[in-house]
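Enquirer: Model the following, please.
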Amino acid sequence: MNKKTTTPPVRGPSEHTIRDQVVAAATEYFGYFGYEKTTVSDLAKAIGFSKAYIYKFFDSKQAIGEQICSNCLMSIMDIVNAAVANAPTASEKIRQLFSVLTQSGSDLFFHDRKLYNIAAVAARDKWPSVTLYEARLMKLIESILIEGRDCGEFEQQTPLDEATKAVFLVMEPFISPVQLQYNLDTAESAAVLLSSLILRSLAP
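Expert: So this is what the prediction gives:
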């Protein structure tokens, strides 16, 4: 008795693969023509897909930019977390945090202007990926301050939320893509000088 066998249908590219293709093409296109001048139709022509097909995976141009920006910021956050984790004291964690954030932003500006320009638009327009990134930085700063207070490195009179926000605001001109581009000449020295200033203000 012959048994009927069924051949599984041939699948097309996975959703993940398509999304990666769109993101890769968008990174190139945004970098060359600028995020704001590029349309989803432009991207569709560049990739060889229809605009409607791209909308199956991303509901807007900003959603594509969000994915690019999120990937970039996650990479920077991984570098920051590794540097801070390896620092032996809370004071050194503050120094490493400022140094790595400033260096990462400068590297992005000089070596990957495509991503930097997208990050600048994202920061200017307060995209959710940037808001999430800033919240993670604030949480990291808070944890460092708590560590420093617990071991007696930092003062404990200032409300924790105020101290956390103040440290972030001192760092912001050198870590925000919108502001960093105007502070590149002083970014390296600022990482040293301002982290020292922060630490003096935190001393018990």
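Enquirer: Quick one: residues contacting the nearest residue to N86 once chain neighbours are set aside.
Expert: Nearest-residue entry for N86: Q96, 7.7 Å, with adjacent residues in sequence omitted and distances by Cβ to Cβ, 6 or more residues apart in numbering. C-beta: built from backbone N, CA, C; applies to glycine. If you count contacts by Cβ atoms under 8 Å, 6 or more residues apart in numbering, Q96 has them with A83, V84, N86, A87.
Enquirer: and Q96, how far is that from V121?
Expert: Plainly put, Q96 is 28 Å away from V121 if you go by Cβ to Cβ, to the nearest Å.
Enquirer: quick one: contacts for L43?
Expert: V22, A25, A26, Y29, I54, K61, I64.
Enquirer: Can you say which helix or strand has it in it?
Expert: helix 40-47 (DSSP states H and E).
Enquirer: What average pLDDT does that helix get?
Expert: Averaging pLDDT along helix 40-47 gives 86.
Enquirer: rewinding a little: of the contacts of Q96, keep whichever come out buried.
Expert: A83, V84 (16 or more other Cβ atoms under 10 Å).
Enquirer: Of the contacts of Q96, which one scores lowest on pLDDT?
Expert: N86 (89).
Enquirer: From R19, how far off is that residue?
Expert: 33 Å.
Enquirer: Give the full set of residues in contact with the residue nearest to L115 when sequence neighbours are not counted.
Expert: With sequence-adjacent residues excluded and distances taken as Cβ to Cβ, 6+ apart, L115 is closest to C72, at 5.1 Å. Going by Cβ under 8 Å, 6+ apart, C72 touches L108, L115, I118, A119.
Enquirer: ok, the last one touching S176?
Expert: No: the pair A119 and S176 does not pass the contact test of Cβ atoms under 8 Å, sitting 9.2 Å apart.
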